[in-house]
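**Student:** coords please:
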Amino acid sequence: MISKHVEDLIVKYINNSANSDELSELNYWIEDPNNYEVFKEIVRTHYTINYSLENRNTNDTKRRLLAQIKKDKTIFKLKRIRLYSKYAAAALIILCTGYFYQQGFFSDLPLKTIGRKDAPININSEIKSGSDKAILTLEDGTQMALRKGHSMQTKNAISNGEKISYNRKSNNTTAELYNYLTIPRGGQFHLKLSDETEVWLNSETQIKYPVCFKDGETRKVELIYGEAYFAVSPSSKHNGSKFRVINKAQEVEVLGTEFNIKAYRDEEFVYTTLVEGKVIVNIDTKKQALVPEQQLKLNLDLNITTIKKVDIRNEISWKDGVFSFDGKSLKDIMKVLSRWYDIDVVIENKDIENEEFVGVLNKDQNINEILSNIKSFGIIKDYKIIDKTIILK
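**Tutor:** Okay, the predicted model is just below:
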């Protein structure tokens with residue numbers, strides 16, 4: 001039997017009304033395994049009451065919720081195991097926001113934001129989270145705007161405003177026709193190539209690809225810049241034709257797999273992360289094979305590569321509606337947010353640039369909420385929004 005006080009803390013946690021002291025108290029209480037079981041039961045009951053009328057598949061929702069709560073306990077442990085600086089509590093609480101959205105567990109539930117609500121906020125209605133939008137450049141140079149809620153069709157493709165799909169048909173002509181898809185800052189889009197390869201494109205990204213691949217030849221696309229997640233249609237479905245992604249100083253050879261490439265113009269590194277299957281990364285005359293959960297990091301200036309094992313969820317969560325950070329600096333996090341919210345960020349206090357964080361942010365979260373939480377826990381003294389520039393002090 002738990003006290004009314006603890007029960008109130010849990011309900012506040014769920015309802016986005018707990019302050020920092022209450023969250024710290026709850027963090028400490030939940031570390032007891034027995035208390036954790038109680039916590040699960042209360043959360044399960046609370047969500048059943050609030051959402052049973054809204055969700056047709058309540059049992060499935062409950063199952064996924066409980067599974068995620070179990071994972072959430074690990075995040076609470078991170079405070080003790082990994083974070084010891086004065087920013088630990090802030091890092092945990094701010095970036096836990098939207099954690100239950102990890103891998104789509106809460107796709108049918110509204111986000112429950114964690115953090116203080118009494119911190120001052122600079123309201124700027126011009127800064128909004130990103131959305132589905134892109135510029136399609138056709139083979140004749142014609143440009144077409146694609147955006148959510150607007151359908152479009154060409155002789156080779158069709159779009160519902162969130163995804164563009166190309167026709168499946170053989171192409172035996174001597175000349176290949178190419179399209180470009182450009183994702184601006186504050187945008188994202190989903191592309192289905194003519195061979196049924198799926199590509200998710202992050203903000204500030206451009207890709208070049210054939211309208212239709214030629215029979216019997218290697219399927220090639222070029223990630224000109226930005227970040228893309230590929231789910232490649234296997235060679236076995238295309239008479240053994242390999243799939244290759246060209247980017248800057250490297251070429252990724254694929255047999256049928258899923259992987260992520262991050263290659264932004266303003267960064268000195270290119271990251272190739274393998275989710276499943278097999279890829280071979282060709283750099284000059286050197287070939288390096290990756291196995292699942294490995295990431296190859298290419299230093300463009302020095303032409304040096306390193307391979308390490310990574311947490312796949314942190315690398316690809318962006319395509320599922322969240323940004324997942326594990327040991328990322330404030331500077332790196334703000335760079336990610338600047339692309340998604342289409343803003344510029346200036347960090348005046350250079351001493352805080354390298355403070356590291358762990359957790360997850362929902363991509364639909366209000367930027368003011370993120371900034372006010374960072375301020376309320378002492379990481380920054382203040383912040384200011386001027387037009388679409390954020391200044392952290």
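**Student:** tell me the SS of the residue lying closest to Ile304 once chain neighbours are set aside?
**Tutor:** Excluding the flanking residues, the one nearest Ile304 by C-beta to C-beta, 6 or more residues apart in numbering is Leu298, at 7.7 Å. From N, CA and C alone the C-beta is placed, and that goes for glycine too. Under DSSP: H, G, I helix; E, B strand; the rest coil, the three-state class of Leu298 is strand.
**Student:** you'd agree Leu298 is up against Gln250?
**Tutor:** Yes: here Leu298 reaches Gln250: they are 6.0 Å apart, a contact under C-beta atoms under 8 Å.
**Student:** Between those two, which contacts overlap?
**Tutor:** Residues touching both Leu298 and Gln250 (C-beta atoms under 8 Å, 6 or more residues apart in numbering): Val270, Thr272, Val281, Ile283.
**Student:** my read is the first one is in a helix, agree?
**Tutor:** Spelled out, it's Val270. No: the assignment for Val270 by three-state DSSP gives strand, which leaves it out of any helix.
**Student:** related to what we said a few turns ago, tell me which residues touch the residue nearest to Ile304, please.
**Tutor:** Taking C-beta under 8 Å, 6+ apart, we find Leu298 in contact with Ala249, Gln250, Phe269, Val270, Tyr271, Thr272, Val281, Ile283, Ile304, Thr305.
**Student:** which of these has the weakest pLDDT?
**Tutor:** In terms of pLDDT, the lowest of those is Ala249, showing 86.
**Student:** burial count for that residue?
**Tutor:** By other C-beta atoms under 10 Å, 13 other residues sit near Ala249.
**Student:** and the gap between it and Glu268?
**Tutor:** Noted for Ala249: a distance of 11 Å to Glu268, by C-beta to C-beta, to the nearest Å.
**Student:** Then Lys248?
**Tutor:** Counting by C-beta to C-beta, the gap from Lys248 to Glu268 is 11 Å.
**Student:** Need the contact partners of stretch 305-314.
**Tutor:** Under C-beta under 8 Å, 6+ apart, the answer for stretch 305-314 is 102-103, 273, 275, 281, 283, 286, 288, 290, 292-299, 324-326.
**Student:** Return the set of buried residues in that stretch.
**Tutor:** Neighbour-count burial for stretch 305-314, counted by 16 or more other C-beta atoms under 10 Å, picks out Thr305, Ile307, Val310, Ile312, Asn314.
**Student:** Endpoints of it, how far apart?
**Tutor:** 21 Å (C-alpha to C-alpha, to the nearest Å).
**Student:** Mutual contacts of Ala249 and Glu268, please.
**Tutor:** Any residue near both Ala249 and Glu268 by C-beta under 8 Å, 6+ apart counts here, and that gives Leu300.
**Student:** now the contacts of stretch 305-314: which count as buried?
**Tutor:** Buried members of the contacts of stretch 305-314, scored by 16+ other C-beta under 10 Å, are 102-103, 273, 275, 281, 283, 288, 290, 292, 294-298, 324-326.
**Student:** Show me the domain layout of this structure.
**Tutor:** In terms of domains, the chain is parsed into 4-125+316-392, 131-310 (source: automatic domain parsing).
**Student:** Which of these has the lowest mean pLDDT?
**Tutor:** Between the domains of the chain, the one with the least mean pLDDT is domain 4-125+316-392; it has a mean of 64.
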